[in-house]
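1. Give me coordinates for this.
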Amino acid sequence: MGQMAELENTASRKVRLYIFIDALGWELAERYHFCADFLPCRYDVVTQLGYSAGAVPTILTGKTPPEHGHFSFFYYDPHHSPFRFLKYLPSFLLPDIIFSRHRIRHHISKVLKKVLGYTGYFQLYRVPFRHLPYLNYSEKRDMFIPGGMDGVPNLADAWQGRSYHISDWRKPGMFNFQEAEELLKRGSFECAFIYDAALDGFLHRHIGEPEAVRAELKHYEERMRRLYETAVACYDEVEFCVLSDHGMTPLTCSLDLRPVLGKYRWGRDYISFVDSTMARFWWIRPELKEELRAAVASAGHGHWLSEQEQERYHVNFPDHRYGDDIYLLDAGVQFAPSDMGGMALPGMHGFSPDDKDSDACFLSNRKPVVEPFWIGDYFRIMTAP
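-> Below is the predicted model:
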């Protein structure tokens, strides 16, 4: 992708670099003293409840999910579902024994993305095909390009008129770091957003292995130091910031909702979407709402979000598109199976923003124009004059 314009030789020799490292939480950054010697201005930042599907749009716009429209990938919208055609396919054409396999679903996702003309991240995960006609998908467009947030100005929009570079989220982080280093040497931009998502995948698998985490963060620190030293060598003035969207919480146990919901009918009594750490419900038969809420609560390990919590966590959508009610699991507990996967992972995010392991971080070589409290505050820093 790389949105960039070449600087003229007479341009200011100041550069602002914002390196996004998915899942580099505050607890990890401090425990392992990540880049502490050259990034001394360090901030513990409140995340956005949910996953990268909601956190990244918040970072790119500075807005809350009800303002920018993104929270989770899937939401209830049967009248506009892009998957409505699936309701006409007989179930025997999509046997679970075949179509629940990750590789097959991955290939189907690629085909559907092309057919639907989506340019953003798209994945079907483990959502049952019979559920898809009830659901819509939020990230249809590339959020990193100008106009990518459907009328809400994003970082690329705010940087119009500047010489800038936004790395391609589809490329590996190490490629994006190397690309940024080469562009720095050429003096090609005055501000840049460098994207890496690989640490998130690593921590999902290895968060419970301290030495493996230490080694991986050391590798990242070496890359950050190299980028920083290149920037200092090529520019007169450097603002260098590492920022993240959330942390990572080790698995404590898993929870299967199927036993408590067994006697109720999905699609007739209720609609649900079970993420890894929260279950979102829409009440098709309102008279069963309290009975269903009690059944889910009987499984334990979590609680129903109150209206006050939904407002405080910025998930109070007026149209309830992401759920009439949300059951949030306790930190460390994962739904398994869920609509995202069949098994719990060693690490997960998406728990309460009040939990310490959920916190994001903002690390900088100089004090920012705004001290970030919430990840949406990054936008004000990145777009400051």
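2. In this protein, where is pLDDT below threshold?
-> Counting by pLDDT under 70, the chain shows low-confidence ranges at 1-12, 90-101.
3. And the helices in it, which stretches?
-> 26-31, 52-61, 65-68, 96-99, 102-116, 155-158, 173-185, 198-206, 210-234, 258-261, 289-297, 307-312, 378-382 (DSSP state H).
4. Spatially central residue in the protein, please.
-> For the chain, residue 52 is the residue whose C-alpha lies nearest the centre (CA atoms, centre = their mean; 0.5 Å).
5. Cross-check the contact I'm expecting between that one and residue 195.
-> No. Taking CB atoms under 8 Å as the definition, residue 52 is not a contact partner of residue 195, at 11.1 Å. C-beta: built from backbone N, CA, C; applies to glycine.
6. List the contacts of the residue nearest to the centre of the chain.
-> Residues in contact with residue 52 (CB atoms under 8 Å, 6 or more residues apart in numbering) are 22, 197, 200, 245-246.
7. winner for burial among the helices of the chain?
-> helix 52-61 (a mean of 24; mean count of other CB atoms under 10 Å).
8. gap between it and the chain center?
-> Here the centre of helix 52-61 is set off from its chain's centre by 6 Å, with CA atoms, centre = their mean, to the nearest Å.
9. Tell me what angle it forms with helix 198-206.
-> Interaxial angle, helix 52-61 versus helix 198-206 (axes from the mean of the first three to the mean of the last three CA atoms, to 10 degrees): 150 degrees.
10. What is the neighbour count of the closest residue to residue 305 other than its chain neighbours?
-> Nearest residue to residue 305, sequence neighbours excluded (CB to CB, 6 or more residues apart in numbering): residue 326, at 4.7 Å. Counted with other CB atoms under 10 Å, residues neighbouring residue 326 total 23.
11. so residue 326 makes contact with residue 310?
-> Yes. In this structure residue 326 lies within contact range of residue 310 using CB under 8 Å: 7.1 Å.
12. Now do stretch 301-311: distance to the chain's middle.
-> With CA atoms, centre = their mean, you get 20 Å for stretch 301-311.
13. what about it, how long is it end to end?
-> 22 Å (CA to CA, to the nearest Å).
14. do stretch 106-126 as well
-> 10 Å.
15. Can I get stretch 162-177 as PDB, trimmed to CA atoms?
-> Taking C-alpha atoms only, stretch 162-177 is exported to PDB below (Å, rounded to 0.1, in the frame of the first residue of the first chain):
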ATOM      1  CA  ARG A 162       1.800  16.100   4.200                       C
ATOM      2  CA  SER A 163       4.500  13.800   2.900                       C
ATOM      3  CA  TYR A 164       3.600  10.600   4.600                       C
ATOM      4  CA  HIS A 165       3.800   6.800   4.500                       C
ATOM      5  CA  ILE A 166       1.400   4.200   5.900                       C
ATOM      6  CA  SER A 167       2.700   0.700   5.600                       C
ATOM      7  CA  ASP A 168       0.700  -2.100   4.100                       C
ATOM      8  CA  TRP A 169      -1.100  -4.000   6.800                       C
ATOM      9  CA  ARG A 170      -1.200  -7.100   4.500                       C
ATOM     10  CA  LYS A 171       2.600  -7.300   4.500                       C
ATOM     11  CA  PRO A 172       4.700  -9.000   7.300                       C
ATOM     12  CA  GLY A 173       5.900  -6.600   9.900                       C
ATOM     13  CA  MET A 174       9.500  -7.300   9.200                       C
ATOM     14  CA  PHE A 175       9.000  -6.200   5.600                       C
ATOM     15  CA  ASN A 176       7.300  -3.000   6.800                       C
ATOM     16  CA  PHE A 177      10.200  -2.200   9.100                       C
END
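16. re earlier: could you dump the helices of the chain into TSV with distance to residue 337 added?
-> Output for the helices of the chain, formatted as TSV (distance: least, CB to CB, whole Å):
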stretch	distance to residue 337
helix 26-31	28
helix 52-61	19
helix 65-68	26
helix 96-99	12
helix 102-116	13
helix 155-158	36
helix 173-185	29
helix 198-206	16
helix 210-234	27
helix 258-261	8
helix 289-297	16
helix 307-312	26
helix 378-382	34
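17. Sounds good, over and out.
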